[in-house]
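1. Pasting a predicted model and its sequence here:
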Amino acid sequence: MTVHFIGAGPGAADLLTLRARDRIASCGSCLYAGSLIPEGVLAHLPSGVSAINTAGMALETIIQHMIRATADGHDVARLQSGDLAVYSALSEQLAALTSAGIAYTLTPGVPAFSAAAAALGQELTRPEIAQSLVITRVEGRASAMPPGETLARFAATGSTLALHLSLHRAETITQRLLPHYGVSCPVAVVQRASWPNERIVRATLGTLVDTLDRALTTRRSAILFVGPVLAARSDATLARSALYDPKHVSTHQWAHED
């Protein structure tokens, strides 16, 4: 029997991959990450299969559920929000299953930052403005940051920043980024991306804290974007990508004819 770790996407039930849907529909047991997984995703479970909410469970309890389910002859759907590759607490679960001799698979999901960018209606990179996206966070109760991974170092590159799990530290973030991006640098907050109660807040680094105080009653389940690219979403005068330049297309036409 196998435990299938499944990235269930950012929230909208239809932002689920076909593979994820099929994995869910084939499992005889399900563990899911609390309020982060919508009912529409759980609806793909086979009739009669109940879903266990792991919110508040310790790792050892979660693993014991998996061990019991596989011993009873069931494949397990382990549903986690967004994509499994970042901030998923996946590594310790895989290590425990490996130690117990239980097989597992990984099914990627739509990451929250991608859904948030779609909500903003823009690309997070732009020629000559930002060609890198830094997905990061600030230190918190759950985990510290490695010494070399500081906001100041990332900001020094001028890249677009996508900060997860960090909006409750907006004051600290502002203080650390202002020397590098300046008070007029655009920022955007997307809360509950793709959910029915999705909220979008736009501001600058200089006005971020005051804007959040007025616009949001809670700072949970949000992604904060920072960078000049946020002001460039519809400016036709800016540099264009060479991808669709006529000379580039002509030169590489063979690549599309194979």
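-> Looks like it arrived, so ask away. No experiment lies behind these values; they were computed from the predicted model shown. Numbering: from 1, shown residues only.

2. Now do the same contact list for the residue most central in space within the chain.
-> What sits nearest the mean C-alpha location of the chain, by C-alpha atoms, centre = their mean, is A112, with 3.0 Å. Contacts for A112 (C-beta atoms under 8 Å, 6 or more residues apart in numbering) come out as 10, 81-83, 164, 193, 223. Yep, even glycine has a C-beta here, placed from its N, CA and C like the rest.

3. run the last query once more with 6 Å
-> Contacts for A112 (C-beta atoms under 6 Å, 6 or more residues apart in numbering) come out as 10, 82, 193, 223.

4. out of those residues, who's nearest T105?
-> Sorting the contacts of A112 by distance to T105 puts G82 at the head of the list, at 17.5 Å, by C-beta to C-beta.

5. residues of stretch 53-63 that come out buried?
-> 54, 62-63 (16 or more other C-beta atoms under 10 Å).

6. ugh, wrong one, I meant stretch 207-227
-> Applying a neighbour-count criterion of 16+ other C-beta under 10 Å, the buried positions in stretch 207-227 are 208, 211-212, 216, 219, 221-227.

7. With respect to V3, which of those residues is nearest?
-> Nearest to V3 among the buried residues of stretch 207-227 is S221, at 25.9 Å by C-beta to C-beta.

8. Which residue is the nearest non-sequential neighbour of the closest one?
-> R192 (5.2 Å; C-beta to C-beta, 6 or more residues apart in numbering).

9. Look at that neighbour and report its pLDDT.
-> Among the per-residue scores, R192 shows a pLDDT of 94.

10. what about it, neighbour count?
-> Applying other C-beta atoms under 10 Å, we find 21 other residues in the vicinity of R192.

11. Relative to A51, how far out is it?
-> Counting by C-beta to C-beta, to the nearest Å, the gap between R192 and A51 amounts to 21 Å.

12. swap in A118?
-> When distance is defined by C-beta to C-beta, A118 is 27 Å away from A51.

13. ditto for T217
-> T217 sits 29 Å away from A51, taking C-beta to C-beta as the criterion.

14. in the stretch 51-200 of the chain, which spans are strands?
-> Taking DSSP state E, counting those that start in this stretch as the criterion, the stretch 51-200 of the chain contains strands spanning 51-53, 76-80, 103-107, 133-136, 160-164, 186-191, 199-204.

15. Export the ones you listed to CSV and append columns for distance to R176.
-> Supplementary listing: the strands of the stretch 51-200 of the chain in CSV, determined by distance: least, C-beta to C-beta, whole Å:
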stretch, distance to R176
strand 51-53, 36
strand 76-80, 29
strand 103-107, 33
strand 133-136, 11
strand 160-164, 11
strand 186-191, 13
strand 199-204, 15
